[in-house]
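Trainee: structure for the following, please:
(4 chains)
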Protein chains: 2
Amino acid sequence: MRIGELAALVGVTTRTVRHYHHLGLLPEPERTPGGYREYRLRDAVLLARVRRLAELGLSLDEIRDVLADDQGRELREVLTELDADLARQQEAIAARRARLAALLAGADLNPDATVAPDLADALRDLHPAGSAFAALDRDMVSLIDTGADPAARDHVLALFQPLTTPEARERGHALTARMDALADVDPADPRVGMLAADLAAHLPAEMATAMLASLDDAETGRWLDLMTDELTPAQAQVLRLMVTTLKEAAR
Amino acid sequence: MRIGELAALVGVTTRTVRHYHHLGLLPEPERTPGGYREYRLRDAVLLARVRRLAELGLSLDEIRDVLADDQGRELREVLTELDADLARQQEAIAARRARLAALLAGADLNPDATVAPDLADALRDLHPAGSAFAALDRDMVSLIDTGADPAARDHVLALFQPLTTPEARERGHALTARMDALADVDPADPRVGMLAADLAAHLPAEMATAMLASLDDAETGRWLDLMTDELTPAQAQVLRLMVTTLKEAAR
DNA sequence: ACTTGACCTTGACGTAACGTCAACGTTTCT
DNA sequence: AGAAACGTTGACGTTACGTCAAGGTCAAGT
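Mentor: Below you'll find the predicted structure:
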């Protein structure tokens, strides 16, 4: 029996057979005078063994270990572990499908809307359309959603809760509009300081605490710099003054 | 912001960021005079976009297409297809886990026992332990299990049904013992022909038909050669005579 | 004898999404 | 000024084969 026959018999390609020879999973058979590999039934049986294990999901390395061990002892361990791994994969896939279903159910399907649905809802509520500052703020929050672990993310979401009441939203929109309006004024304009004070007063106490704390964290401490880099001088000044105000209030 | 900060902020490695640059998924930012990449907030936002899509299970190629398309239109198609793919994966994993559970529940856990449970049961019942010929026969059947498509496999299993009655099994064991006993006799020994005739009579009619038919099939037609190669001359002769008898009976 | 076509041989590159050196330059801290 | 921590490009490793490339072998038909 030559390699093509063997492969067809077991249901693999000739490349696969040669690959297994190369890895030492299947012994090289005798050669014909012309150099062809000449297989016997035992080779087909060995190949079928390997294939059955491979189709269960074992890696070829694991298969070699299992076959070298030549007792069922290790096989049971490996299969048990494999089952646990498959269980984890099932959970991961189920979670991804759940997120997919939530996304597909939503109307505004764009790459930015692929944040988790709860945060997406909060963002939609909080920020008026057409505002450059609101867009920047959304960007920051989406970064938190993407980079943080789930626990931290839930915490952030909870911090936003107080801002979702109708009154808080209305005040927030007004503040955002004032920020947009200050885009091109002089950083020394008195409205800059006034907006900073009003913003500081608008933020829930716990959110203010969290923001100040994050400034001392190596991983997240740069948010203020990152935001001011994207704003006009006056707007950047508003943010800096707001933070200063928060710091003083915290003392 | 340098590459390490960016990576930490979004929760990836610096290698990942550079990889995305290489693929064109993320634009290269400005460089400092020293040659370092200097990132801004917008880069983090873009990277987070890519990451969210990647974590949903999109390939980086798909992500590039989706982002290039810059409308949600293609995204919906891609996500829908992805969901279907995940559903298929879930089914495949569930099937593998079911096979694993069946295997782990069995007592005789060895690489040969990884044939499908129903066939494993049939094999255990049909063949006495300690017989070289029975081992060969089991090998052939396990090859069928591994190489064939499920429909053909079920067909084969059905063919074995008539042999699983207690009387048939007893006769089968006796025939197997006679085959083992003829290992070293002369191929011309009269017991060779007698055993061939008794074997032919023992096989269910439909199995005999299937065996003869398979001899004309390119993929499976070599089973007789493969078996006789592994047997002693007298045993090989038994098999060949049995096939001859079956052929004559079929006319 | 010659050609054709099917099969075989080894060798090497490609795949996906990065991980992990290596060898070397830059910033920052002490 | 030296060391630690960071950055740079380049290249190889991972998994389980697929897919050429460039040729050798073999059976059949002319």
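
Trainee: skipping its backbone neighbours, what lies nearest the residue nearest in space to the middle of chain A in space?
Mentor: For chain A, residue A:146 is the residue whose C-alpha lies nearest the centre (C-alpha atoms, centre = their mean; 6.0 Å). Distances taken as C-beta to C-beta, 6 or more residues apart in numbering or on different chains place residue B:48 nearest to residue A:146, at 3.8 Å, with adjacent residues excluded. In short, each C-beta sits where N, CA and C put it, glycine included.

Trainee: same deal with residue A:229?
Mentor: Nearest to residue A:229 is residue B:40, by C-beta to C-beta, 6+ apart, at 5.9 Å.

Trainee: give me the phi and psi for that neighbour.
Mentor: Main-chain torsions, residue B:40, degrees, to the nearest 10: phi -120, psi 180.

Trainee: so it touches residue A:228, yeah?
Mentor: No. With contact defined as C-beta atoms under 8 Å, residue B:40 does not reach residue A:228; the gap is 11.1 Å.

Trainee: contacting residues around stretch A:30-39?
Mentor: Here stretch A:30-39 makes contact (C-beta atoms under 8 Å, 6 or more residues apart in numbering or on different chains) with A:1-3, A:5-6, A:28-29.

Trainee: so which of these is the most crowded?
Mentor: residue A:6 (23 neighbours; other C-beta atoms under 10 Å in any protein chain shown).

Trainee: DNA strand C versus that one, what's the distance?
Mentor: Residue A:6 is 8 Å from DNA strand C, where distance means C-beta to the nearest atom of the strand, to the nearest Å.

Trainee: residues in contact with residue A:21?
Mentor: A:27-28.

Trainee: so which strand or helix has it?
Mentor: Assigned by DSSP states H and E, residue A:21 belongs to helix A:14-23.

Trainee: most distant residue from the middle of chain A?
Mentor: Most distant from the centre of chain A: residue A:33, at 57.5 Å, with distances by C-alpha atoms, centre = their mean.

Trainee: Three-state assignment for that residue, please.
Mentor: coil (DSSP: H, G, I helix; E, B strand; the rest coil).

Trainee: now do it against chain B, distance only.
Mentor: Separation of residue A:33 from chain B (C-beta to the nearest C-beta, to the nearest Å): 18 Å.

Trainee: local confidence estimate at residue A:34?
Mentor: On pLDDT, residue A:34 comes in at 94.

Trainee: what's the spacing between it and residue A:2?
Mentor: With distances taken as C-beta to C-beta, to the nearest Å, residue A:34 is found 10 Å from residue A:2.

Trainee: leaving out the residues flanking it, which one is nearest to whichever residue of chain A sits closest to DNA strand C?
Mentor: Of all residues in chain A, residue A:4 sits closest to DNA strand C, at 2.7 Å by C-beta to the nearest atom of the strand. Closest residue to residue A:4 apart from its sequence neighbours, by C-beta to C-beta, 6+ apart: residue A:14 at 5.8 Å.

Trainee: does the one you found really touch residue A:5, like I thought?
Mentor: No. Taking contacts as C-beta under 8 Å, residue A:14 lies outside contact range of residue A:5: 9.8 Å.

Trainee: before we move on, back to that, between the contacts of stretch A:30-39, which is closest to residue A:218?
Mentor: Distances from residue A:218 to these, taken as C-beta to C-beta, are shortest for residue A:28 (56.4 Å).

Trainee: any idea how far the closest residue in space to the closest one that isn't next to it in sequence lies from residue A:47?
Mentor: Spatial nearest neighbour of residue A:28, chain neighbours left out: residue A:21 (5.4 Å); criterion: C-beta to C-beta, 6+ apart. Plainly put, residue A:21 is 10 Å away from residue A:47 if you go by C-beta to C-beta.

Trainee: who in the stretch 1-150 of chain A is up against DNA strand D?
Mentor: Taking C-beta under 7 Å from any atom of the strand as the contact definition, the stretch 1-150 of chain A meets DNA strand D at A:12-13, A:15-16, A:19, A:32-36, A:54, A:59-61.

Trainee: out of these, which are buried?
Mentor: For these, a burial check counting by 16 or more other C-beta atoms under 10 Å in any protein chain shown picks out A:12, A:16, A:54.

Trainee: got the phi/psi numbers for the first one?
Mentor: Comment: the main-chain dihedrals of residue A:12 come out as phi -130, psi -180, following degrees, to the nearest 10.

Trainee: wouldn't it be in contact with residue A:51 here?
Mentor: Yes. Contact criterion C-beta under 8 Å: residue A:12 and residue A:51 qualify, at 6.4 Å.

Trainee: next, format the contacts of stretch A:30-39 as a markdown table and append pLDDT and secondary structure.
Mentor: A markdown table is the format used below for the contacts of stretch A:30-39 (pLDDT from 0 to 100; DSSP: H, G, I helix; E, B strand; the rest coil):
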| residue | pLDDT | secondary structure |
| --- | --- | --- |
| A:1 | 93 | coil |
| A:2 | 96 | coil |
| A:3 | 96 | helix |
| A:5 | 94 | helix |
| A:6 | 95 | helix |
| A:28 | 96 | coil |
| A:29 | 97 | coil |
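
Trainee: farthest pair in these?
Mentor: Farthest-apart pair in these is A:5 and A:28; separation 16.5 Å (C-beta to C-beta).

Trainee: state the phi and psi torsions of the closest residue to DNA strand D within chain A.
Mentor: At 2.3 Å from DNA strand D, residue A:34 is the closest residue in chain A, using C-beta to the nearest atom of the strand. Main-chain torsions, residue A:34, degrees, to the nearest 10: phi -80, psi 0.

Trainee: repeat for residue A:30
Mentor: The phi/psi pair for residue A:30 (degrees, to the nearest 10) reads phi -60, psi 160.

Trainee: next: the one 3 residues further on.
Mentor: Backbone torsions for residue A:33, taken as degrees, to the nearest 10, come to phi -50, psi -30.
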